[in-house]
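[1] Okay, sequence plus prediction incoming.
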Amino acid sequence: MLSCGRVWKGKPTFNLIGVTTMRDANTPISGETRREFFKRTLVATAAIAATDIGPAFDVVADGPPGTPADLPWWRRTMRWAQTNITEIDPTRYDIPWWRRHWKRTQVQGVIINAGGIFAYYPSRFPLHHRAAYLGDRDLYGELARAAHEDGLAVLARMDSNRTHEDFYRAHPDWFAADAAGRPYRAGEFYVTCINSPYYEEFLPDVLREIIERSHPEGFTDNSWSGLGRGSICYCANCAKKFRDRTGQALPRLKNWDDPGYREWIKWNYARRLEIWDLNNHTTRAAGGAGCLWVGMNSGSVTSQCQEFRDYKAICERAEIIMLDHQARSDSLGFQDNGVAGKLIHGLLGWEKLIPESMAMYQQGRPVFRLASKPEPEARLWVLEGFSAGIQPWWHHVGAYHEDRRMYRTIEPLNRWHKDNEARLINREPVATAGIVWSQQNTDFYGRDNPQELVDLPFRGFVNALVRARIPWLPVHADHIDRDATKLAVLVLPNLAAMSENQCESVRRFARRGGGLVITGESSLFNETGAARPDFGLADIVGTHLPAGRTRVDWGARIRRATETSHSYLRLAPELRARVYGPETGAEPAITGERHPILRGFDDTDILPFGGTLEMLDLDAGCVVPATFIPAFPTYPPETAWMAEPSTTIPALIVRMNREGARIVYMPADLDRRFARDNLPDHGALLAQAVRWAAKDELPLVVEGPGFIDCHLYRQAGRQVLHMVNLTNAGTWRAPVHELIPVGPLQVQVKLPDGARGASVLSLVTGRKLASTTENGRVSFVVRSLLDHEVTLIG
Ligand SMILES: [Zn+2]
């Protein structure tokens, strides 16, 4: 057995047993040339030796051009490493071993704990608490020096929103306080106030000290944005600043109906942006224009809301997003990493980088900081990140591990990433549908129930489109005019809080002939959550709240969103659609065939629903392919019959505008219900609504079994298609125990206009795939898909 790293008492070791996903290197693949075989075995041999890997091995015929050294660190650093230092680590940090691990794993940058709650260098500030076992050692400085010697970028990591008790005793007025003046605590620590001199004087001094000592390329910060939304700080600094800004006292209670509370929310967001700018001003003044302070951000919009981090505004000022999004939950699935990458690139730009902290330990549910995350689970999370333009950043907690398996997980992934990095960045996504979102909707409509009101409807569409393999993108509601021009359809999943400008952008999109799929309470509120008398997009969807109807209060709204009643949808009564409006008389009339939006449901006249609907007024020309059947008992079974088998309450409304755009409005919350209940009918109807609105024009068709997340990109004369195989016994129950292959898959990709043919190269096997081109589409077969396939088409 090969071994690298010393095997001795208390030191990390690296005993390589094998690389789980590496193809057997010693057998030529049929059709492979001697040169290809040699190249491949060279790579595999390097993996097995697992010692320092030399310069790039090109497995791709036309090879990546490499990364120009003159790019700034935030554009050239493709792979990152973080050994999150614990207090005991100064006694056992084997720096030479970790340097070899940096090299083995092809990283170009490291994130090193420097200061904040714990200092890992001898700070001149007495209140900057030194880690328990640091003594006078400069562990941070030694590591920063080693990394710089190895040619790596260094980000000094801060964790800055709380301190030990002695700091609080020295400056009690720098700390967040409740209405009674008691300090907010987090375990044994005291939470600092973001409006205090701690952020304005102390932290800038610490940043300058670190820059003077070690000249890092930049800074990250684990918890830079202070007290979260769950608590109101009543310290004197906050009271004064809020009064100076708004002329009001701090809100006494959390109350979304109070304009003062909503003002407090906005004021908090603005303060975090001031802190972002202040930190950058400090680091750039002390460390030069390239010394950026880049914080850290979450992959969840709801988490960003809880922390008052305005993602759009942050991305407008950021060169890079350091993403702290380490693992999936059962309900979000691996596809959540694809969502995060695409959503953030949509704000940041696709030319910029989004390294993501990827836990090599058991993160998720449950957490075991010192145990390896099962390799297939870690692997799929990483691959899903690659598919959405995320760069790897391996993360271990502690510098010494008795579970050494975690050291091996990232190595083959990073080697593949290095070989193919030019194909994984600077790409333009190709998609059919844009799912529209905004942080304001999460805050001012989601209020205290963002999961039920905002996240689930969004996720329902994500899951439906992933399952249907319809390529999609998140589109911020303020960016519709900019980002939606190449999309066939916009989806508004219960996007309730919308500004007039956002509504106008949707109108422009439809006037250009773009399809719309709009659900639930979309556009019923303005951007700060004030109710409109009718849908803001009523003219587009041809649907109105009946005049004088009592509005649903927030309590009833939450109840409806969380409950599942025994209700149904009736599909086109008597297998036909009802057309409303003056041209058919006052009464609904029966017309034509069942609407194509119901394709696939020919053998049923009902679908399970679960929600509650009320009457709506419809304009002329609206077609209602599905209506509401009110709830009836499930038990005892003798009572389980429809007391009211049909109503005229619309559940699904379709129409066309003058420009021929197909417009779907779905009062029934099938998006939310699909995310929660996972009923195939709900997902199928959501996907079919998007297909119909897109006039069946899809740039990608993938046929064959499995739950596969497909991401298509355009890049200088070629297209790149990722397919990540999420089919697994652990798909909805983390962690994945083993990878399970699916296939064969028939793939068809639309070529850019004017392209006459294309060749297809697998970036995973390095082999060319047989393909045919017909009618502007290239077809090929992926025989077996284990974890991922990435094909270069062009
Ligand atoms: Zn305060």
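    Received, thanks.

[2] Tell me the spacing between the nearest residue to Glu142 once chain neighbours are set aside and Thr773.
    Closest residue to Glu142 apart from its sequence neighbours, by CB to CB, 6 or more residues apart in numbering: Ile95 at 6.3 Å. All C-beta atoms are positioned from the backbone trio N, CA, C, and that covers glycine. Note on Ile95: its distance to Thr773, by CB to CB, to the nearest Å, is 54 Å.

[3] who touches Leu456 in this structure?
    Applying CB atoms under 8 Å, 6 or more residues apart in numbering to Leu456 gives the contacts Ala561, Asp671, Arg672, Ala675, Arg676.

[4] So which of those are in helices?
    Residues from those lying in helices, with DSSP state H as the criterion: Ala561, Asp671, Arg672, Ala675, Arg676.

[5] Any chance of CSV for the contacts of Leu456, columns pLDDT, distance to Val541 and neighbour count?
    Shown next, in CSV, are the contacts of Leu456 (pLDDT from 0 to 100; distance: CB to CB, whole Å; neighbours: other CB atoms under 10 Å):
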residue, pLDDT, distance to Val541, neighbour count
Ala561, 96, 20, 22
Asp671, 98, 15, 30
Arg672, 98, 18, 30
Ala675, 98, 22, 26
Arg676, 96, 24, 20
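
[6] Keep only those that also lie close to the ion.
    When CB under 5 Å from the ion is taken as the criterion, no member of the contacts of Leu456 contacts the ion.

[7] which among the residues you listed gets closest to the ion?
    The ion has its nearest neighbour among the contacts of Leu456 in Ala561, at 33.6 Å by CB to the ion.

[8] what ranges do the strands span in the stretch 501-650 of the chain?
    Here the stretch 501-650 of the chain has its strands, by DSSP state E, counting those that start in this stretch, at 515-519, 543-544, 568-571, 577-579, 589-591, 606-608, 617-618, 623-629, 650-656.

[9] Show residues contacting stretch 252-268.
    For stretch 252-268, contacts defined as CB under 8 Å, 6+ apart pick out 179, 229, 232, 242, 245-246, 248-251, 308, 443-444, 447-448, 528-529, 554.

[10] repeat for stretch 695-708
    With contacts defined as CB under 8 Å, 6+ apart, stretch 695-708 is touched by 430-432, 466-467, 469-471, 488, 515, 662, 691, 710, 712, 721, 723-727, 731, 742-750, 785.

[11] mind checking how far it is from the chain centre?
    Distance of stretch 695-708 from its chain centroid, counting by CA atoms, centre = their mean, to the nearest Å, is 22 Å.

[12] in the lengthiest helix in the chain, what counts as buried?
    Secondary structure of the chain per DSSP H: the longest helix is helix 259-287. Neighbour-count burial for helix 259-287 flags 261-269, 271-273, 275-276, 279-280, 282-284, 286-287 (criterion: 16 or more other CB atoms under 10 Å).

[13] Now flag whichever of the ones in helices among the contacts of Leu456 is closest to Ala477.
    Taking CB to CB as the measure, Ala477 sits nearest to Asp671 out of the ones in helices among the contacts of Leu456, at 16.4 Å.

[14] which residues does the closest one contact?
    Counting by CB under 8 Å, 6+ apart, Asp671 touches Leu456, Pro457, Phe458, Gly460, Phe461, Ala464, Pro493, Asn494, Thr519, Gly520, His682, Leu686.
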